[in-house]
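> following is a predicted model, sequence given first.
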Amino acid sequence: MDEPTTPQAVARISAEDVAKVAALARLRLGPGELDRFTHQLADILAHAEDIEALDLADVEPMAHPVRLRNVFRSDEPAPPLDRDTVLGQAPSAEDGMFCVPPVLGEAP
Amino acid sequence: MSPARALPEASLGTAIDTAAAVRSGDRSAIDVIEERLARIAADEEQVHAFNLLSADAARDRARAIDEAVAAGDDPGPLAGVPVAIKDNLCTRGVATTCSSRILAGWEPPYDATVVTRLRQAGAVMIGKTNLDEFAMGSSTEHSATGPTRNPHDLARVPGGSSGGSAAAVAAGFAPIALGSDTGGSIRQPAALCGVVGVKPTYGLVSRLGLVAFGSSLDQVGPFATTVADAAVVCEVIGGHDPGDSTSLPQPFPSVVEHLDDGVDGLRVGLVTEMLGEGIADDVGARVRAAAEALAAAGATVEEVSVPAVTYGLSAYYLVAPAEASSNLARYDGVRYGVRVDAPTAGEMMEATRTAGFGDEVKRRIMLGTYALSAGYYDAFYGQALKVRTLIRADFDAAYERFDVLLSPTSPTTAFAFGDKTADPLQMYLNDVCTIPTNLAGHPAASVPFGIGEDGLPIGVQVMAPALGEIVMFRVAAVLEGAA
């Protein structure tokens, strides 16, 4: 992805951009899908040009409707979820652990 | 299959009346359940409101309630009342799919807090309802289990994403249901199915056990056939939950007690931006008729401009996908749900997510990933968060002059299957009137108020400032009486 230079440049999304975000999101797209999703995402981003055009330099962002602060519970032990019940929902589990295919030796 | 179908709901009674009859011993809970199960047996094949029916568990539970009543115990304010639960709310040991292939067969190890509270109040879960996959959609067409049909016209969508819950109540399968509302997913299907739907103030209802979509927007709320039933459910499910760190430290406002207070002297604002372009003429006419009904009941009504709401759609479709792309990263084939095997962990995750998610979910994950990526964060996500501040500020200014705001819930009545699935932006435009309240964290309700030119239900939206539920319900109750 190239660095955006103008708001107009930001609004466009290329098939290469879509292929890259799909890879980042661990999704695989077929050739027809890539084309279709690129057009649809471009339409949605074109609609967002109305807010890109706003000068909001002095406006505070609002990430959440509630003032978030850390919430501590009282430091008292409570029964956790049953381990076997939780592992029983996993596609693969063994000896009290989740199992996954090999992770070492993969390309980064 | 006849397309149009009359609503038979009234004959089966409200939640309040049902609970009163069960508590007094006038009627058994098992009889109540059997009556609803018979209605489901007759019509569910056509409607497809449910992903899962829990008929046997409901019967067992109803018998236990009848035994409690016989023993002189009070099972609670919703004693014996059947309730349908949206299938993105966790139910211990009962499959919870979010209408996604990726969660097929998953049985949560715990109940959502709202499910626990309904049970403690005596309600009986009758099944899990269909939705757009992970609550992403406005028609319930994006479901791995197939679409739900609108009970008022089986050729039309019920709205979404909580379309199964709305249709279940409209079809008389249950007097009440729970949904979740991230950008209108309770109110819009309520409007299209001709029932009452309420999205409470953000933080008033626990999100523990609600499968996360847009965590700063999601809120659980009720569907019902009457405003009073919706009020009772809100009081049962609402209030502080130590298990949700965004839960407000207070009980749900006492809405039931004030339902009959009327609207005399209240100031009602008609939102100019939600009555113009894009709103069908018959829908706009019903909203103006609702305003006249409130004026006749003693309220003062004026038009008010809330300019920033016109940017709501753009801001929402950056903020919600951004949060979704993060929340849905957890579906990786490791801890729950489905796995597609592959030689390495990375390939397994990609194969699992590619096969497990539907197109709309993929679209939003990619959109959110893009909006959050380096070089685009400030232009898209950051800008959307600032628009959120503008929207709340414009609402705050309006609420200095008005107690509630009025608008359509949905720009049109229920549309036909396939009308909007090819063009996601057209589908998103359904949410234009409901999205701003989610961005602000405010409460809003949809109340049925007549029918459109096509004979299908129209909903009027009542919006209120944060924690303004009492005044919102007073207005909703008056509208219900005038509809």
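Received, thanks. Predicted model only: the values in this text are computed from it and were never measured.

> chain A: strands as residue ranges?
For chain A, applying DSSP state E gives strands covering A:93-94, A:97-98.

> touching chain B at all, the first one?
This points to strand A:93-94. No - using Cβ under 8 Å from any Cβ of the partner chain, strand A:93-94 never reaches chain B; the gap is at least 9.2 Å. In this view, the C-beta of every residue, glycine as well, is placed from N, C-alpha and C.

> other residues contacting the one helix or strand B:Ala293 maps to?
For B:Ala293, the host element (DSSP states H and E) is helix B:281-296. By Cβ atoms under 8 Å, 6 or more residues apart in numbering or on different chains, the residues outside helix B:281-296 that reach it are B:263, B:266, B:268, B:270, B:275, B:301, B:406-408, B:410-413, B:449-450, B:452-453, B:458, B:460, B:475, B:478-479, B:482.

> buried residues in that helix, which are they?
Of all the residues in helix B:281-296, those buried under the rule 16 or more other Cβ atoms under 10 Å in any protein chain shown are B:282-284, B:286-287, B:289-291, B:293-294.

> and it, what's its mean pLDDT?
For helix B:281-296, the mean per-residue pLDDT is 98.

> correct me if wrong: B:Val304 contacts B:Glu400.
No - the criterion here is Cβ atoms under 8 Å, and B:Val304 misses it with B:Glu400 at 10.4 Å.

> residue contacts, residue 90?
Defaulting to chain A. A:98-99, B:334-336.

> actually it's chain B I care about, not the one you picked
Taking Cβ under 8 Å, 6+ apart, one finds B:96, B:108, B:110-112, B:115, B:209-211 in contact with B:Cys90.

> the closest residue to A:Met97 other than its chain neighbours and B:Val306, how far apart?
Spatial nearest neighbour of A:Met97, excluding adjacent residues (Cβ to Cβ, 6 or more residues apart in numbering or on different chains): A:Leu87 at 7.8 Å. Computed as Cβ to Cβ, to the nearest Å, the A:Leu87 to B:Val306 distance reads 51 Å.

> repeat for A:Glu33
Using Cβ to Cβ, A:Glu33 is found at 39 Å from B:Val306.

> so between those two, which is more surrounded?
B:Val306 (23 against 16; other Cβ atoms under 10 Å in any protein chain shown).

> so that one sits right up against B:Leu270, yeah?
No - contact criterion Cβ under 8 Å: B:Val306 and B:Leu270 do not qualify, at 10.4 Å.

> common neighbours of the two, please.
Residues touching both B:Val306 and B:Leu270 (Cβ under 8 Å, 6+ apart) are B:Leu405.

> what values do phi and psi take at the residue nearest to the spatial centre of chain A?
Nearest residue to the geometric centre of chain A (Cα atoms, centre = their mean): A:Ala25, 6.3 Å. With angles defined as degrees, to the nearest 10, A:Ala25 sits at phi -90, psi 10.

> that one and B:Gly137, how far apart?
Distance of A:Ala25 to B:Gly137, given as Cβ to Cβ: 19 Å.

> chain A: helices as residue ranges?
With helices called from DSSP state H, chain A shows them at A:7-11, A:15-24, A:31-47, A:49-52, A:83-87.

> out of those, name the one with the poorest average pLDDT.
Across these, the lowest-scoring stretch is helix A:7-11, with a mean of 44.

> show the pLDDT at the residue of chain A found nearest chain B.
The nearest approach of chain A to chain B comes at A:Pro65, 2.4 Å away (Cβ to the nearest Cβ). Listed pLDDT for A:Pro65 reads 89.

> what is the burial count for it?
Neighbour tally, A:Pro65, other Cβ under 10 Å: 21.

> likewise for the one 4 residues further on?
The local packing count at A:Arg69 equals 6, with neighbours defined by other Cβ under 10 Å.

> next SSE after the helix or strand hosting B:Phe223?
If you go by DSSP H and E, B:Phe223 is part of strand B:219-224. Going down the chain from strand B:219-224, the next helix or strand is helix B:227-237, by DSSP H and E.

> gap between that following helix and the chain center?
Helix B:227-237 sits 14 Å away from the centroid of its parent chain (Cα atoms, centre = their mean, to the nearest Å).

> how about it as PDB, C-alpha atoms only?
Only the C-alpha atoms of helix B:227-237 are listed here, as PDB (Å, rounded to 0.1, in the frame of the first residue of the first chain):
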ATOM      1  CA  VAL B 227     -44.500  -1.400  24.900                       C
ATOM      2  CA  ALA B 228     -45.300  -2.700  28.500                       C
ATOM      3  CA  ASP B 229     -43.900  -6.100  27.800                       C
ATOM      4  CA  ALA B 230     -40.700  -4.500  26.400                       C
ATOM      5  CA  ALA B 231     -40.400  -2.400  29.500                       C
ATOM      6  CA  VAL B 232     -40.700  -5.500  31.800                       C
ATOM      7  CA  VAL B 233     -38.000  -7.300  29.900                       C
ATOM      8  CA  CYS B 234     -35.700  -4.300  30.000                       C
ATOM      9  CA  GLU B 235     -36.000  -4.200  33.800                       C
ATOM     10  CA  VAL B 236     -35.300  -7.900  34.100                       C
ATOM     11  CA  ILE B 237     -32.300  -8.000  31.800                       C
END
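
> packing partners for that helix?
If contacts are counted by 3 or more Cβ pairs under 8 Å, 6 or more residues apart in numbering or on different chains; DSSP states H and E, helix B:227-237 sits against helix B:15-24, helix B:113-120, strand B:176-181, strand B:196-199, strand B:219-224, strand B:444-451, helix B:469-482.

> who wins for proximity to chain A among those?
strand B:219-224 (9.6 Å).

> CA atoms of the closest one as PDB?
Extracted C-alpha coordinates of strand B:219-224, given in PDB (Å, rounded to 0.1, in the frame of the first residue of the first chain):
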ATOM      1  CA  GLN B 219     -26.400  -3.500  23.100                       C
ATOM      2  CA  VAL B 220     -28.900  -6.200  23.900                       C
ATOM      3  CA  GLY B 221     -32.600  -5.400  24.000                       C
ATOM      4  CA  PRO B 222     -36.100  -6.800  23.700                       C
ATOM      5  CA  PHE B 223     -38.700  -7.500  21.100                       C
ATOM      6  CA  ALA B 224     -42.400  -7.600  22.200                       C
END
